[in-house]
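>>> Fold the stuff below for me.
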Amino acid sequence: MTSQAKYFLSSRAAKCGVTAALLLCLVLLAVSVACSNDSKAAPTKQEITIDPNLLTIDHPELFQTVKVESRDLPTELNANGTIQPDVNKTIRVTSLGSGRVVDLKVRLGDYVNKGQELLVISSPDLAGAMGEYHKASADEALAAQALDRAQLLYSRGALAHKDLEVAENAGAKAKSDQKTAESRLRVLGGDPARPSTMIELRAPVAGTIVEQNVAGFEGIKSLDNTPNLFTIADLSSVWVVCDVYENDLGDVHIGDPAEVRLNAFSDRVFKGTVSDISRVLDPNTRSAKVRIVLGNSDGAFRPGMFAVATFRSRKQKPHLVVPATAIMRLQDKDWVFRKESANSFRRLEVQTSGLPGGLQQIEHGAKAGDELVANALAFSTAASEQGK
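Have a look, this model is predicted:
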C-alpha cells in the first residue's frame with residue numbers, strides 16, 4: 001500500500017470517529033432533557049391546604065353543644081313610624097271674620113278647655129254685622145208698631161182688610177230680617193246683648209294645640225284665603241303610623257298585636273293592635289301606612305316622636321332557632337361553630353334576627369339538626385389561645 005493510500009484511510013477513519021462522538025453527545029443531551037422534564041411533571045412532595053374555618057380543639061368535652069331546632073313561631077316584622085294625633089279627635093279652628101289680632105291668649109303646645117278664649121280679633125266684618133243687626137232690630141220694632149196700629153184701626157172698622165194684610169206682611173219680613181242679622185252676628189262670634197267689634201275666638205273642644213298659624217297683631221284674611229289659625233287635638237289616644245314595604249304587607253293584618261318602642265322611653269315597651277292598613281301604596285317608597293292606636297292617658301306620647309313598631313302575625317310559621325349565646329358577633333357579621341367530628345368544628349357565617357326569650361332566629365347559614373357550640377364566644381377564645 002502506498003503512502004497516499006494510507007493517509008486517505010487514516011483521514012477517513014478520523015472523520016467517522018468525530019461524527020460518532022457528536023451523535024453520542026446529542027443522544028445523551030436528549031436523554032438528560034427528557035429526564036429533567038419527567039422530574040418536573042411528577043412532584044415528589046404533595047402540597048397541603050389548611051382550611052382556616054376548620055378548628056381542632058384538644059378538649060371538646062369542655063364545650064356543650066345545642067341543636068338547631070325548628071319551631072312554629074309568629075312572623076316578626078319591624079317598621080319605623082311616628083306618633084300622630086287621632087284625626088277623628090282633631091279640630092281646626094278658624095275665624096269666619098277678617099281683621100287684626102289684638103290679643104293672643106294661647107301658644108303652641110298649650111292645653112285648652114272647651115270654651116276657653118284663644119285670641120281676640122278686631123274685625124270690621126263684625127262691626128258691619130252688628131250695624132246690620134241694629135238696623136234690622138229697629139225696622140222690626142217699627143214694623144211691629146205699625147202692625148199694632150193697623151190691627152186697632154181694623155177692629156174699629158177704620159182700615160180695610162187688605163191694608164191689615166200689608167202691615168202683617170211687613171212685620172213678618174222685618175222679624176225675619178232681624179233673625180237673619182242676629183244669626184250672622186253670632187256666627188262671626190258676636191253677642192247681640194254685648195255690642196262690640198271684637199271677635200273672641202274660643203276653643204270648640206278640649207285638647208292640646210298641636211298647630212299654630214297666627215301671631216300677635218297679625219292680620220287675618222277672609223276664610224277662603226287663610227289657613228286654620230289653630231289645630232286642637234285630643235291626645236288621650238294617639239296613632240303610631242308606620243311605613244310597611246310592599247313585600248312585607250302579607251305578614252301584617254288588622255287585629256295583629258304590635259309592640260311600640262320610642263326613643264324617648266327606650267326602656268319601655270307599649271302594647272297595641274293594628275287598626276288600619278292603607279289601601280294605597282306610596283309610589284315613591286312602595287310602602288303602605290299601617291296604623292296602631294295607643295292610649296295616652298298620662299300624655300307621655302307627643303306628636304312627632306319617632307317610633308319603631310314590631311308586628312307579630314297571628315299565623316305561625318316554622319323558624320330555625322338557637323340560644324343567643326350560640327351566636328358570636330364579629331366584624332359586623334354573625335358566626336356559629338358547627339361540630340364536624342369529635343374534636344373538629346367548622347366556623348359558619350349566618351344571618352340572624354332577634355326573638356323573645358333569649359333566642360335567635362337563623363335565617364340563613366345553618367339547617368335544622370346542626371349541632372352548634374352553645375357558647376360561641378368562649379369557644380372562640382379557647383381556640384385562639386390554643387393556636388398561640
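
>>> which residues of the stretch 101-250 of the chain fall in strands?
For the stretch 101-250 of the chain, applying DSSP state E, counting those that start in this stretch gives strands covering 111-112, 117-122, 198-202, 207-212, 219-220, 230-233, 237-245.

>>> among those, which is the most enclosed?
Counting by mean count of other C-beta atoms under 10 Å, strand 230-233 has the highest mean neighbour count of the strands of the stretch 101-250 of the chain, with a mean of 23. C-beta: built from backbone N, CA, C; applies to glycine.

>>> and that strand, what does it pack onto?
Contacts defined by 3 or more C-beta pairs under 8 Å, 6 or more residues apart in numbering; DSSP states H and E place strand 230-233 against strand 90-93, strand 207-212.

>>> First-to-last residue distance for stretch 214-234?
20 Å (C-alpha to C-alpha, to the nearest Å).

>>> sorry, back to before: which stretch in the strands of the stretch 101-250 of the chain has the least confidence?
With a mean of 86, strand 219-220 has the lowest mean pLDDT of the strands of the stretch 101-250 of the chain.

>>> how far does that one sit from the chain's center?
Here the centre of strand 219-220 is set off from its chain's centre by 37 Å, with C-alpha atoms, centre = their mean, to the nearest Å.

>>> And that strand, what does it pack against?
Judged by 3+ C-beta pairs under 8 Å, 6+ apart, the packing partners of strand 219-220 are strand 99-104.

>>> which neighbours does the strand it packs on have in its sheet, and in what orientation?
Its sheet considered, strand 99-104 pairs with strand 117-122 (antiparallel), strand 219-220 (antiparallel) by DSSP bridges.

>>> Ala167: which of those is closest?
Nearest of those to Ala167, taken as C-beta to C-beta: strand 117-122 at 40.8 Å.

>>> Name the residues that touch that closest one?
93, 95, 97, 99-106, 112, 197-203, 214, 220, 229-230 (C-beta atoms under 8 Å, 6 or more residues apart in numbering).

>>> at 6 Å instead, please
Contact with strand 117-122 is made by 95, 99-106, 198-203, as judged by C-beta atoms under 6 Å, 6 or more residues apart in numbering.

>>> so what's Ser275 up against?
Applying C-beta under 6 Å, 6+ apart, the residues contacting Ser275 are Arg291, Val293.

>>> just the one 10 residues further on next, same as before
Neighbour list for Thr285: empty [criterion: C-beta under 6 Å, 6+ apart].

>>> Could you check how far it is from Ile292?
19 Å (C-beta to C-beta, to the nearest Å).

>>> okay, Leu54: pLDDT?
For Leu54, pLDDT reads 89.

>>> what separates the closest residue to it other than its chain neighbours from Phe337, distance-wise?
Among residues not flanking Leu54 along the chain, Arg346 sits closest, at 5.5 Å (C-beta to C-beta, 6 or more residues apart in numbering). For Arg346, the distance to Phe337 equals 7 Å [C-beta to C-beta].

>>> ditto for Ile220
Taking C-beta to C-beta, one finds Ile220 at 72 Å from Phe337.

>>> now do Gln84
Distance of Gln84 to Phe337, computed by C-beta to C-beta: 47 Å.

>>> who's more crowded, these two?
Remark: of Gln84 and Phe337, Phe337 carries more neighbours, 25 against 20, as counted by other C-beta atoms under 10 Å.

>>> Which residues does the helix or strand where that one lies contact?
Using DSSP states H and E, Phe337 falls within strand 333-339. Here strand 333-339 makes contact (C-beta under 6 Å, 6+ apart) with 65, 326-328, 345-350, 352, 370-373, 376, 379.

>>> same check, this time on stretch 312-322
By C-beta under 6 Å, 6+ apart, stretch 312-322 touches 68-76, 251, 256-257, 359-362, 368.

>>> one step back: among the contacts of strand 333-339, name the ones in strands.
Thr65, Met328, Phe345, Arg346, Arg347, Leu348, Glu349, Val350, Thr352, Glu371, Leu372, Val373 (DSSP state E).

>>> Show me what the fifth one bridges to in the sheet.
The bridge-partner assignment for Arg347, based on DSSP bridges, gives Phe337.

>>> residue contacts, it?
Arg347 neighbours (C-beta under 6 Å, 6+ apart): Asn53, Trp335, Phe337.

>>> So for it, what's the pLDDT?
pLDDT, Arg347: 93.

>>> swap in the last one?
Looking at Val373, its pLDDT stands at 94.

>>> cool, and the first one?
We note a pLDDT of 93 for Thr65 in this prediction.

>>> Return the residues in contact with it.
Lys339, Glu371, Val373.

>>> For the stretch 101-250 of the chain, give me the ranges with low pLDDT.
Counting by pLDDT under 70, the stretch 101-250 of the chain shows low-confidence ranges at 222-226.

>>> Name the nearest residue to Thr197, ignoring sequence neighbours.
Per C-beta to C-beta, 6+ apart, closest to Thr197 is Ala127, 4.2 Å.

>>> any idea how far the one you found lies from Lys221?
To Lys221, Ala127 is 17 Å away according to C-beta to C-beta.

>>> More neighbours: which of these two?
Ala127 (18 against 11).

>>> surely that one meets Pro195?
No - judged on C-beta atoms under 6 Å, Ala127 makes no contact with Pro195 at a distance of 9.7 Å.
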